[in-house]
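J.: Sharing a sequence plus its predicted fold:
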Amino acid sequence: MVKDSIDVALDLDEKAVYSHVAHESALDLMRIISSIDAERASLRGEVIYFEDDWDELIRRRIERGRRHTAFDFYNPELLNKWEEKVNRLKVLKKTFLGVNILFPPLMVVAVVIMIRFLYFVFFVPLILFLYYWARHWLRERMDLVYYEMAQYFIDEMAHLLSKFHLNPSDYQFKLFHWDYQGVKKVRQKNGIFAEVLPKFEDNR
């Protein structure tokens with residue numbers, strides 16, 4: 001007698017299936033967190049060699065998660081927050097680029113006005129001040145968005161490790177900042193890595 005897919009699924013060891021999909025999800029989260037934090041480090045002028053694209057990684061994880069909705073391996077609430085942060089980040093990046101593009105012509109205009117009308121001498125220092133203030137403010141806002149996104153996924157990974165009893169030491173990853181909550185430093189022969197602390201009190 002040939003079994004259909006439902007019969008086969010019912011015969012599977014559910015715990016083993018759950019653990020396997022949870023393992024794949026934890027691997028996704030490792031790469032997502034490292035990639036977001038790497039881009040955050042690049043924002044501060046650090047030279048980071050990191051190939052993963054966190055946006056693409058998250059979108060792939062969503063697609064896989066939707067195929068496993070019965071396992072609850074993607075959090076719709078978390079992903080809504082992520083979309084909101086991504087949209088905000090895009091606006092900030094465009095504004096940052098616009099400020100850098102507008103600065104040179106504005107400086108030229110300010111210098112011309114200052115030369116022609118000496119009593120407008122304050123134009124140049126004013127534009128310089130506004131330019132550096134805007135860059136600093138935009139960088140701080142972008143840094144906060146990167147931090148919040150990485151922290152959201154660190155928290156999600158903590159819940160995942162706890163819920164499916166995964167060994168945290170199997171999911172160590174690279175971090176460039178150490179201001180996140182729920183992670184600890186682990187020294188290995190090839191460097192310092194981050195390890196997420198499971199939230200064992202969480203039973204969701």
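T.: Noted; the coordinates are in hand.
J.: C-alpha from now on. contacts and neighbour counts both.
T.: Will do.
J.: Now do the contacts for the spatially most central residue of the chain.
T.: Geometric centre of the chain, nearest residue: I36, 3.4 Å, by C-alpha atoms, centre = their mean. With C-alpha atoms under 8 Å, 6 or more residues apart in numbering as the criterion, the residues that contact I36 are W54, Y146, M149, A150.
J.: from those residues, which is closest to Y171?
T.: Comparing the contacts of I36 against Y171 with C-alpha to C-alpha picks out A150 as the nearest, at 15.5 Å.
J.: Which residue ranges of this protein form strands?
T.: Ranges of strands within the chain are 183-188, 191-196, based on DSSP state E.
J.: so what does the last one touch, helix or strand wise?
T.: With contacts defined as 3 or more C-alpha pairs under 8 Å, 6 or more residues apart in numbering; DSSP states H and E, strand 191-196 has these neighbours: helix 123-163, strand 183-188.
J.: any idea how far L118 is from A110?
T.: 11 Å (C-alpha to C-alpha, to the nearest Å).
J.: more crowded one of the two?
T.: Taking other C-alpha atoms under 10 Å, A110 and L118 do not tie; A110 has more neighbours (20 against 10).
J.: Next up, the contacts around that one.
T.: If you count contacts by C-alpha under 8 Å, 6+ apart, then A110 has F123, V124, I127 around it.
J.: Just confirm the first one contacts V112, I think it does.
T.: If I follow you right, that is F123. No: in this structure, F123 is not within contact of V112 by C-alpha atoms under 8 Å, at 10.0 Å.
J.: Mind checking which of these two has more residues around it?
T.: It is F123, of F123 and V112, that has more neighbours when counted by other C-alpha under 10 Å, with 18 against 15.
J.: Next one: the nearest residue to the more buried one once chain neighbours are set aside, what pLDDT does it get?
T.: Counting by C-alpha to C-alpha, 6 or more residues apart in numbering, A110 is the residue found nearest to F123 once chain neighbours are left out, at 5.6 Å. We have a pLDDT of 84 for A110.
J.: what does Y147 give?
T.: In the prediction, the pLDDT value recorded for Y147 is 96.
J.: Then I154?
T.: On the pLDDT scale, I154 is placed at 94.
J.: State the number of residues packed around it.
T.: I154 - counted by other C-alpha under 10 Å - has 24 other residues nearby.
J.: likewise I115?
T.: I115 has 12 neighbouring residues, counting by other C-alpha under 10 Å.
J.: Then R116?
T.: Applying other C-alpha under 10 Å, I find that R116 has 11 neighbouring residues.
J.: Much appreciated, bye for now.
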